[in-house]
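**Q** Predicted model follows, preceded by the sequence.
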Amino acid sequence: MDQKIKTLKEQFKKDIQEIQDPDALYLKYFSKSKGLVTQLLKGLPGLSIDEKREFGPKLNQLQQDLKQKIEVTQKEKESETANETLDDLTIPYSAKKTGHIHPTNAFIKEMNKFFTYYGFSIVEGPEIETAEYNFRKLNLPENHPATDLQDTLFIKSPGLLLRTHTSSVEARILTDYDPPIRVVNAGKVYRNETQSKTNTAFFHHYQGVFVDKGVTLQHLKATLTRFHQFLFGDDVELRFRYKYYPEVSPGMGVDMKCSFCNGAGCDVCKQRGWIEVLGSGMIHYNTLKMCEIDPEVYTGFAFGMGLDRLVMQKYGIDDIRKLYGSVFDY
């Protein structure tokens, strides 16, 4: 693989000098079917675990470097064209790309890459939800005290509401499909929250569900550990602790060491040194049963991530409100 990467780099150096059209150069290396870099990436699943750990980052870096060089070449070509035609102001210019992908959307794309690699499907669900899927099928009966913690925004009390978590999608999937089930879902959720650096009334969750025979808590912990290493590097520090969630048993909270203060304590982590990024656990016996899955045959795990807090850690954004508002200081 090292030799293939080296050969491809040498070929790219020649091509970037000879191929005049940056779009053609991009297609040669990154088209979905025949791109040279794409072909190397497609070969990753066939490697051993050790080889994946070694060459996965190298291929990702190669991909970023080549795309950056093509982008620079594109800008140089546009500049040359502008200078050549400056005297004739009647010649129309091609439209320039403006703006960037929102950090949350870019982050979701990265997360989806990881989970689809491990066989998860991507699903969606409604943001206007019923109490049946948002609470009841998740082992939250009427008047359960945990519903008060979610500060639900009802559209029509008591049955119609803005979903408080993407676990409602989990309830729908478990009800409509038979195991084995392996899905992830990203989406907006709503709660009547007091705004702060880490809380808003509108934010994003990322939900994952895995149901099959023989699924254990070890599978859950390994999945979450690899996921965070994929996004933040092998040196990421996590803390796993028991936490109560009605829809799972046992429940497990996961905290990440605060990247803003390196665990010393600051306003972002509320002086704790850690930021809670997700809740998870083994899907409750009652939840499986209410969704008509036999809990004596199947087990499974679920997790729900506070997506915006992960985005903050990844990109060094110290206030969640900056993701959805202006750049003014709060």
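**A** Perfect, I can see it now.

**Q** neighbouring contacts of the helix or strand harbouring Thr116?
**A** In this assignment (DSSP states H and E), Thr116 forms part of helix 103-117. Defining contact as CB atoms under 8 Å, 6 or more residues apart in numbering, one finds that helix 103-117 is touched by 45, 101, 122, 184, 186, 204, 206, 208, 226-227, 230-231, 307-308, 310-311, 314-315, 317, 323. To be clear about C-beta, it is placed using only N, CA and C from the backbone, and glycine gets the same treatment.

**Q** List the buried residues of stretch 219-237.
**A** By neighbour count on 16 or more other CB atoms under 10 Å, the buried set for stretch 219-237 is 219-221, 223-224, 227-228, 230-232, 236.

**Q** my bad, stretch 71-80
**A** Within stretch 71-80, the residues that qualify as buried by neighbour count (16+ other CB under 10 Å) are 73-74.

**Q** Please export the C-alpha coordinates of that stretch as PDB.
**A** Extracted in PDB, the C-alpha atoms of stretch 71-80 (Å, rounded to 0.1, in the frame of the first residue of the first chain):
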ATOM      1  CA  GLU A  71      -8.300  23.700  -5.600                       C
ATOM      2  CA  VAL A  72      -5.200  26.000  -5.700                       C
ATOM      3  CA  THR A  73      -4.700  25.100  -9.300                       C
ATOM      4  CA  GLN A  74      -8.400  26.000 -10.000                       C
ATOM      5  CA  LYS A  75      -7.900  29.400  -8.400                       C
ATOM      6  CA  GLU A  76      -4.800  30.100 -10.400                       C
ATOM      7  CA  LYS A  77      -6.500  29.200 -13.600                       C
ATOM      8  CA  GLU A  78      -9.400  31.500 -12.800                       C
ATOM      9  CA  SER A  79      -7.000  34.300 -12.000                       C
ATOM     10  CA  GLU A  80      -5.100  33.900 -15.300                       C
END
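
**Q** Show me where the chain dips below the pLDDT cut-off.
**A** In the predicted model of the chain, residues 80-89, 91, 93, 144-150, 326-330 satisfy pLDDT under 70.

**Q** Quick one: the strands in it, in order.
**A** Here the chain has its strands, by DSSP state E, at 121-122, 128-130, 153-156, 160-162, 181-190, 202-212, 238-242, 248-257, 274-283, 299-306.

**Q** Deepest-packed of the ones you listed, please.
**A** Neighbour counts (mean count of other CB atoms under 10 Å) averaged over each of the strands of the chain peak at strand 299-306, with a mean of 23.

**Q** Measure how that one sits relative to strand 181-190, angle-wise.
**A** Strand 299-306 and strand 181-190 are oriented at 30 degrees to each other (axes from the mean of the first three to the mean of the last three CA atoms, to 10 degrees).

**Q** what's strand 299-306 in contact with?
**A** Applying CB under 8 Å, 6+ apart, the contact partners of strand 299-306 are 165-167, 170, 179, 181, 203-217, 219-220, 223-224, 247-248, 254, 276-283, 288.

**Q** show me the contacts for the residue nearest to Ser31 when sequence neighbours are not counted.
**A** Distances taken as CB to CB, 6 or more residues apart in numbering place Thr38 nearest to Ser31, at 6.6 Å, with adjacent residues excluded. By CB under 8 Å, 6+ apart, the contact set of Thr38 is 29-32.

**Q** With Glu78 instead?
**A** Contacts for Glu78 (CB under 8 Å, 6+ apart) come out as 94, 96.

**Q** Could you tell me how far stretch 314-329 lies from the centre of the chain?
**A** Averaging C-alpha positions (CA atoms, centre = their mean, to the nearest Å) puts stretch 314-329 18 Å from its chain's average.

**Q** For that stretch, list the C-alpha coordinates in CSV.
**A** The C-alpha coordinates for stretch 314-329 follow below in CSV (Å, rounded to 0.1, in the frame of the first residue of the first chain):
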residue,chain,number,x,y,z
LYS,A,314,-13.9,19.4,17.1
TYR,A,315,-13.7,23.0,15.8
GLY,A,316,-12.9,24.9,19.0
ILE,A,317,-16.3,26.7,19.2
ASP,A,318,-16.8,27.9,22.8
ASP,A,319,-20.5,28.8,22.6
ILE,A,320,-23.2,26.6,21.1
ARG,A,321,-25.2,29.7,20.1
LYS,A,322,-22.5,30.6,17.6
LEU,A,323,-23.6,27.6,15.5
TYR,A,324,-27.0,29.1,15.0
GLY,A,325,-26.7,32.8,15.3
SER,A,326,-24.2,35.6,14.6
VAL,A,327,-20.6,35.9,15.7
PHE,A,328,-21.3,38.3,18.5
ASP,A,329,-19.9,37.6,21.9
